[in-house]
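Undergrad: Quick one, structure for this:
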Amino acid sequence: MASKKRRLTESEEFEIMKLVLDKFLWVGVGLSVYGLYLLITQAGNTGFYFLGSGVLLMILFTLVIVREFEQLR
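TA: From the prediction side, this is the model:
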């Protein structure tokens, strides 16, 4: 029984990718806000680590979005 698999169009693939990467954006914002909170309320390097990891995640998010957008052109 061979089943027919439906192929997604490029626009559908891009929309699904945006939904998935949007979750990474929220995680990056959450890490950055938590890191900023730690920097304000406590003295220590822990806040910098959370803030840096949030910024790094959002930079990776931006690079992936730009790369995928360029591939669709």
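
Undergrad: ok now stretch 54-61, how far from the chain's centre?
TA: 7 Å (Cα atoms, centre = their mean, to the nearest Å).

Undergrad: buried ones in it?
TA: By neighbour count on 16 or more other Cβ atoms under 10 Å, the buried set for stretch 54-61 is 54, 57, 58, 61. Bear in mind the C-beta positions are built from the backbone N, C-alpha and C, glycine included.

Undergrad: does the first one sit in a helix, a strand or a coil?
TA: The assignment at residue 54 comes out as helix when based on DSSP: H, G, I helix; E, B strand; the rest coil.

Undergrad: okay, the buried residues of stretch 54-61 in a markdown table with secondary structure and distance to residue 31 next?
TA: A markdown table is the format used below for the buried residues of stretch 54-61 (DSSP: H, G, I helix; E, B strand; the rest coil; distance: Cβ to Cβ, whole Å):
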| residue | secondary structure | distance to residue 31 |
| --- | --- | --- |
| 54 | helix | 3 |
| 57 | helix | 7 |
| 58 | helix | 9 |
| 61 | helix | 12 |
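
Undergrad: with these in mind, which one is nearest to residue 13?
TA: residue 61 (17.2 Å; Cβ to Cβ).

Undergrad: sorry, back to before: and of the buried residues of stretch 54-61, the nearest to residue 14?
TA: residue 61 (14.7 Å).

Undergrad: Double-check the closest one against residue 27; I have them as touching.
TA: No - contact between residue 61 and residue 27 fails when scored by Cβ atoms under 8 Å: they sit 9.2 Å apart.

Undergrad: Which parts of this structure are helices?
TA: Secondary structure of the chain (DSSP state H): helices located at 10-41, 46-72.

Undergrad: Would you mark the buried spots in the first one?
TA: Going back to what we said before, that points to helix 10-41. 14, 28, 31, 32, 34, 35, 38, 39.
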